[in-house]
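Visitor: how does the following fold in three dimensions:
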Amino acid sequence: MLRSRPVRLALAVLALAVLPALAAAAPRNLLLNPGFEEGLAGHEWMPAGWDTSVSGLPTVFFGRDTFLVHSGAWSVSVANASALIPMGHNWSQRVLVGREAWGKDLVFRVWTRNNGVEGRAYVLLQAYRDTISKMATLWNVERDEAMRRLRLTRVDDPLIDLGWARQVFTDRETGWVQREVRVYCPPSVNVIFVRVGLWGTGQVLLDDASLTLESAKPAKAAKMGEDLFAGDGGFERGLDAWELAMPPYDGMRVELDTTVARSGRASVRAQSGTGYFVETRSGVGRVLCNRALAGSRVRLSGHLKTDSLKSVAWCVLYAHTVRGVVQLPQPETFNGTHDWTFTSHEMDLPADTYAVWAWFNYNAPNPGRVWFDDLRLEVIGKAKDPKALPPRPPGR
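Guide: Alright, predicted model coming up:
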């Protein structure tokens, strides 16, 4: 039975009142050109507002086309044909934020599609206090030029990440899937990076991206002795939840090994090719952006095994605070050939800690191999002096 005219009129008035409220409640998309519909003036294919990583490798291709799209007329893609030199080729956008973002959650959503992927496709959300990138954006210059104008060097670069969330997806083929990563935005953060990329070979397409500020979800308090890796330190579920540090040298590998394990069926093996002039850290780690860990004493532990290693391997913790990065000396290092050996590292987290990085590393590239297994991070008490300052100032 049809409603009477007064009832229909009342419903219409109610709808008109509700719609503006709903529109006002919708969070604003902070990204420019989120659907890649607008091209960069003077460029054949580059979308406005976006950037691509630079590798100099002829095997990498970035494109913008109309063949496969989620919506609208355009999408973009990154493709790679060789994994000889490990690099995370990616699309990215840099967004400046201020006090309006502090204390809220940053949420990055994007639709992706895998085509023949062999490796790690990913979406990544990074929250930095980065004076140089901020000024480079305001001055519309390259980061190195902004560094020169600010009279800074790479040694005293005040860059620090205070929020980090990555989602890895390794399916060879997928249709369009919406990915989402979320991270809390601590005080002093001024630059946000969103990235979609690929470690390995194949093609990843992306479309319809958004970055929004939303009410912060409560931080999760950790129980005493709780495994903060959630039982994933044996790598039985693979490496999707882990960060892999691989400098871009040929022969570098950090990968799952199902032929060697201390327990279970898998471990992580790290190895490299011949030595280069510059050594750096390589290994496997996890970042926990949980402000509820501040003021706690934590222990990182695990087992490692070395085979003819010509450098050193160790475990280490970093606390990222608004005043800088806190790091303690490593209690022990390993080289040469050792069977599975237990090692651990304890640390008091300052009261303003917003991110904890836990790593099992070795210096690369160097001959030899190292395996890691049965890793664990746990809260073992309260910090003795949670207000302790970092060992050195964070820079300007």
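
Visitor: and Pro218, how many neighbours?
Guide: Close neighbours of Pro218, defined as other C-beta atoms under 10 Å, add up to 6. Using the backbone N, CA and C atoms, a C-beta is placed for each residue, glycine as well.

Visitor: for Ser75, same thing?
Guide: Ser75, neighbours per other C-beta under 10 Å, totals 26.

Visitor: pretty sure it contacts Leu68?
Guide: Yes - with contact defined as C-beta atoms under 8 Å, Ser75 reaches Leu68; the gap is 6.2 Å.

Visitor: where do the strands sit along the stretch 1-150 of the chain?
Guide: Along the stretch 1-150 of the chain, counting by DSSP state E, counting those that start in this stretch, strands occupy 51-52, 60-65, 75-80, 89-96, 105-129.

Visitor: what comes up buried for the second one?
Guide: When neighbours are counted by 16 or more other C-beta atoms under 10 Å, the buried residues of strand 60-65 are found to be Val60, Phe62, Arg64.

Visitor: domains of the chain?
Guide: As assigned by automatic domain parsing, the chain contains the domains 51-214, 243-382.

Visitor: could those domains go into CSV alongside distance to Ala221?
Guide: Below are those laid out as CSV (distance: least, C-beta to C-beta, whole Å):
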stretch, distance to Ala221
domain 51-214, 14
domain 243-382, 5
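
Visitor: now those domains in a markdown table, with mean pLDDT and distance to Glu226?
Guide: Formatted as a markdown table, the domains of the chain follow (pLDDT from 0 to 100; distance: least, C-beta to C-beta, whole Å):
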| stretch | mean pLDDT | distance to Glu226 |
| --- | --- | --- |
| domain 51-214 | 97 | 20 |
| domain 243-382 | 95 | 6 |
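
Visitor: and of those domains, who's closest to Ala230?
Guide: Of all these, domain 243-382 sits nearest to Ala230, with 9.9 Å by C-beta to C-beta.

Visitor: name the residues contacting each of Ser75 and Leu68.
Guide: Jointly contacting Ser75 and Leu68 under the rule C-beta atoms under 8 Å, 6 or more residues apart in numbering are Leu205.

Visitor: any idea which helix or strand comes after the helix or strand hosting Ala165?
Guide: Element membership of Ala165, judged by DSSP states H and E, is strand 160-169. Once the chain leaves strand 160-169, the next helix or strand it forms, by DSSP H and E, is strand 177-184.

Visitor: quick check: which helices or strands does that next one pack against?
Guide: In terms of contacts (3 or more C-beta pairs under 8 Å, 6 or more residues apart in numbering; DSSP states H and E), strand 177-184 is packed against strand 105-129, strand 160-169.

Visitor: contacts for the shortest one, please.
Guide: Strand 160-169 is contacted by residues 106, 108, 112, 114, 120-130, 177, 179-186, 188-189, 239-241, 243, 287, 289, 320, 322, 324-325, 354-355, 394 when judged by C-beta under 8 Å, 6+ apart.

Visitor: could you redo the last one with a cut-off of 6 Å?
Guide: 120-129, 179, 181, 183, 186, 189, 240, 287, 289, 320, 354-355 (C-beta atoms under 6 Å, 6 or more residues apart in numbering).

Visitor: what about the strands in the stretch 251-396 of the chain?
Guide: 253-257, 267-271, 280-288, 296-321, 324-327, 334-348, 353-364, 369-382.
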